[in-house]
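**Student:** Based on what follows, work out the 3D shape:
(2 chains)
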Amino acid sequence: MKIDEPNDRQIRDALKQSLPSVNTELRRDLWPEILRREALRRLDTHSLAVPWYDWVLVGLSVAAFLAFPRLVLVFAYHL
Amino acid sequence: MDLLQRFVLGEIDAFETLVRQFQGDIYAWTVRIVRDPGTAEDLTAETLWRIYCARHKFRPDGNFGAWARRIATNLALDYLRRARPEQTLDADPAGAPPPDRLVQREMRQKIQQAFRRLPPKLQLAATLALVEEVPYDEIAAALGTSVGAVKVRVFRAIRILRKHLTQVGIKP
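**Tutor:** Numbers count the residues shown, from 1 in each chain, chains lettered A, B, ... in the order given. Next up is the predicted model:
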């Protein structure tokens, strides 16, 4: 397998002529974009987070329902 | 503490320093593969974001540039997989060109189409090796593969390109 055969060079030249050269200079600073993404991520994490006292309330409710099943009816009545 | 150690620990200032240091390199590498400045900017931003999200996987004694380049290469490869085959690579100047330029343009378009029809991995290897003349070992490092594997990909790309071009009446 030889890459640099004359025919391969012709293919390479044809490609180089067909695919325009590109400017490799970055036109803008991408740091603000990273900060924006980080801010969005924090917002998402924050909005999805459930405070600890809500979990305690859920736990107490479940425990109460298990201990006194009739409470479910009272609870349902007040909903 | 070392900059890379601070980055791994999640210090945003350390990451900012790394972004400012490497964003140009990552963009230059990506744009050579995808050949579209806008797409390359988006992919560079995505690369930097993925680097930040995966910081705990990076070893502070490792080569940050090589790691970043590998992530960028994978993202560019994903883009090539998603890119529509009929997409052209350059914009021709407005207005009707003279007949000889028309023939040239047609030929260029056929070559571009044949190039776009290559499997993404071959297209990536061919772009970097043939068009950009990047050394094989650099391509291999970015792809996480061996030099031999890169050579095989380039060889296969040339063979497929020649076949496609012959089919459309171009004898390279």
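**Student:** which helix of chain B spans the most residues?
**Tutor:** Criterion DSSP state H: the longest helix present in chain B is helix B:12-34.
**Student:** ok, then the element right after it?
**Tutor:** Toward the C-terminus, helix B:12-34 is succeeded by helix B:37-53 as the next helix or strand (DSSP states H and E).
**Student:** and that next one, what other elements does it pack with?
**Tutor:** helix A:31-48, helix B:12-34, helix B:64-82 (3 or more C-beta pairs under 8 Å, 6 or more residues apart in numbering or on different chains; DSSP states H and E). C-beta: built from backbone N, CA, C; applies to glycine.
**Student:** ok, the residue nearest the centre of chain A to chain B distance?
**Tutor:** By C-alpha atoms, centre = their mean, the mean C-alpha position of chain A lies nearest to residue A:41, the distance being 7.5 Å. Distance of residue A:41 to chain B, computed by C-beta to the nearest C-beta, to the nearest Å: 9 Å.
**Student:** repeat for residue A:59
**Tutor:** For residue A:59, the distance to chain B - C-beta to the nearest C-beta - is 31 Å.
**Student:** related to what we said a few turns ago, buried deepest among the helices and strands packed on helix B:37-53, which one?
**Tutor:** Comparing the helices and strands packed on helix B:37-53 by mean neighbour count (mean count of other C-beta atoms under 10 Å in any protein chain shown), helix B:12-34 ranks first with a mean of 19.
**Student:** Could I get the average pLDDT for that helix?
**Tutor:** Mean pLDDT, computed over helix B:12-34, is 96.
**Student:** Low-confidence stretches in chain B?
**Tutor:** Counting by pLDDT under 70, chain B has low-confidence residues at B:84-99, B:172.
**Student:** From the centre of it outward, give me the first residue you hit.
**Tutor:** residue B:33 (2.3 Å).
**Student:** Show me what from chain A comes close to chain B.
**Tutor:** Within chain A, the residues that sit near chain B (C-beta under 8 Å from any C-beta of the partner chain) are A:1, A:3, A:7-8, A:10-12, A:14-20, A:22-31, A:33-34, A:37-38.
**Student:** and those residues, which are buried?
**Tutor:** Using 16 or more other C-beta atoms under 10 Å in any protein chain shown as the burial test, these include A:8, A:11-12, A:14-15, A:18-19, A:22, A:24, A:26, A:30, A:33-34, A:37 as buried.
**Student:** ok, back up a step: now for the residue nearest to the centre of chain B: which residues touch it?
**Tutor:** B:73, B:76, B:77, B:80, B:124, B:127, B:128 (C-beta atoms under 8 Å, 6 or more residues apart in numbering or on different chains).
**Student:** and what of residue B:50?
**Tutor:** By C-beta under 8 Å, 6+ apart, the contact set of residue B:50 is B:71, B:75.
**Student:** From residue A:73, how far off is it?
**Tutor:** 52 Å (C-beta to C-beta, to the nearest Å).
**Student:** circling back to that earlier point, may I see the buried ones among the residues of chain A next to chain B arranged in a markdown table, with pLDDT as well?
**Tutor:** Listed next are these as a markdown table, based on pLDDT from 0 to 100:
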| residue | pLDDT |
| --- | --- |
| A:8 | 76 |
| A:11 | 85 |
| A:12 | 87 |
| A:14 | 87 |
| A:15 | 89 |
| A:18 | 88 |
| A:19 | 87 |
| A:22 | 90 |
| A:24 | 94 |
| A:26 | 95 |
| A:30 | 95 |
| A:33 | 93 |
| A:34 | 92 |
| A:37 | 90 |
